[in-house]
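>>> fold the following, please.
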Amino acid sequence: MAGVLAEFEAIAGATELVKHHAFDSGDDQGAYFNFTFGTPDAKKLWQLLQSRLYNSGNFSNHMRQASMAMCSSEEGWDDYLLLYHYDPAVGLDDANAL
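Residues are numbered from 1 along each chain as shown. As a prediction, the model looks like this:
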């Protein structure tokens, strides 16, 4: 997780794209890690996350097997897109809607 955290911290440093971020972790019947970003350009941020984490040789296997990626609006969970889910049986929203 140290490498994944370092990659998320590097992405958070892209201040033209990331306006604020929060990272937290805990244990809810197993360890979890949340990486939250505020951005004016969700599509560009999702493309960056895909290229650096989901399609990267360093982390792609782990991310594909153990992560979910969502994009919510200022309305929170009342308006969100599911962009990635570790379970391929779960339907995803169209990222073109970003």
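>>> quick one, strands of this structure?
Along the chain, counting by DSSP state E, strands occupy 20-27, 31-38, 68-73, 76-85.
>>> dump those to JSON lines, plus mean neighbour count and mean pLDDT.
For glycine as for every other residue, the C-beta is placed from the backbone atoms N, C-alpha and C. Below are the strands of the chain laid out as JSON lines (neighbours: other Cβ atoms under 10 Å; pLDDT from 0 to 100):
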{"stretch": "strand 20-27", "mean neighbour count": "10", "mean pLDDT": "96"}
{"stretch": "strand 31-38", "mean neighbour count": "14", "mean pLDDT": "96"}
{"stretch": "strand 68-73", "mean neighbour count": "14", "mean pLDDT": "94"}
{"stretch": "strand 76-85", "mean neighbour count": "13", "mean pLDDT": "92"}
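>>> can you redo those strands as JSON lines with distance to residue 11?
Formatted as JSON lines, these follow (distance: least, Cβ to Cβ, whole Å):
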{"stretch": "strand 20-27", "distance to residue 11": "8"}
{"stretch": "strand 31-38", "distance to residue 11": "7"}
{"stretch": "strand 68-73", "distance to residue 11": "13"}
{"stretch": "strand 76-85", "distance to residue 11": "15"}
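>>> of those, which is nearest residue 55?
Residue 55 sits nearest to strand 76-85 of all the strands of the chain, at 11.3 Å, using Cβ to Cβ.
>>> once you drop chain neighbours, what's closest to residue 58?
residue 3 (6.5 Å; Cβ to Cβ, 6 or more residues apart in numbering).
>>> burial measure for the one you found, as a count.
10 (other Cβ atoms under 10 Å).
>>> which outside residues touch stretch 20-33?
1, 4, 5, 8, 9, 12, 34, 35, 36, 37, 38 (Cβ atoms under 8 Å, 6 or more residues apart in numbering).
>>> endpoint to endpoint, it covers what distance?
This stretch, stretch 20-33, spans 17 Å end to end (Cα to Cα, to the nearest Å).
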